[in-house]
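In: Build me a structure from this.
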Amino acid sequence: MRDEKINVDTFLDARGLFCPMPTVRAREEIDRMELGQILQIIADDPAAEEDIPRFIKRIGHTLLKKWVDGDDFYFIVRKEKTKNILDVRGLTGPIILEKLREEIATLEPEKLLQIFADVTAEEEIPKWVKEEGHSLIYKSKEGDELLFIVRIEKTK
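Out: Numbers count the residues shown, from 1 in each chain. So this is what the prediction gives:
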């Protein structure tokens, strides 16, 4: 599998980092990349073997290759045009709701919106989604980070 040559644009060495940091660093690196660029990640945290591919798929990018060499896990990722994603980590109450309103206003009914938030918004976002008539179809919590997936419903 490693024999196939893929030109890598950027490299992330996440060895020595433990969950959730390899995934956090991968997200930061991908955010800096241009569409179509290729990232190679190397990590030695055993959790990364499942966490990184799951994360890459969840945010809409392509895992081109993965392999293990000794204690190291290698991943080759291509940045794709992402799905509808709103990242409100680091924001607070009214600002989060303002960003949600703005993003949802751009989406058609039946579209899905992925929302990344801090644990401080754990109750606020689902409450707002319900009040606005949309559907919360998925929620996960990893440490202090939350992921919500909301289906946009027809507005009144």
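In: Phi, psi for residue 43 please.
Out: For residue 43, the backbone dihedrals (degrees, to the nearest 10) come out as phi -140, psi 150.
In: Relative to residue 47, how far out is residue 142?
Out: Spatial separation of residue 142 from residue 47 under the definition C-beta to C-beta, to the nearest Å is 10 Å. Quick note: C-beta positions are derived from backbone N, CA and C, even for glycine.
In: so what pLDDT did the residue most central in space within the chain get?
Out: To find the centre residue of the chain, average its C-alpha atoms and take the closest one (C-alpha atoms, centre = their mean): that gives residue 59, at 4.0 Å. pLDDT recorded at residue 59 is 76.
In: How about residue 34?
Out: For residue 34, the model assigns a pLDDT of 87.
In: Partner strands of the least confident helix or strand in the chain by mean pLDDT, with direction?
Out: Taking mean pLDDT, DSSP states H and E as the measure, strand 85-87 is the helix or strand of the chain with the lowest mean score, a mean of 86. Take DSSP bridges as the rule and strand 85-87 pairs in its sheet with strand 112-118 (parallel).
In: can I have the strand it pairs with written out in PDB, keeping just the CAs?
Out: Coordinates of the C-alpha atoms in strand 112-118 are reproduced here as PDB (Å, rounded to 0.1, in the frame of the first residue of the first chain):
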ATOM      1  CA  LEU A 112     -27.600  18.900   7.400                       C
ATOM      2  CA  LEU A 113     -25.500  21.300   9.400                       C
ATOM      3  CA  GLN A 114     -22.600  20.100  11.500                       C
ATOM      4  CA  ILE A 115     -21.900  22.300  14.500                       C
ATOM      5  CA  PHE A 116     -18.700  22.000  16.500                       C
ATOM      6  CA  ALA A 117     -19.000  23.600  20.000                       C
ATOM      7  CA  ASP A 118     -17.400  23.700  23.400                       C
END
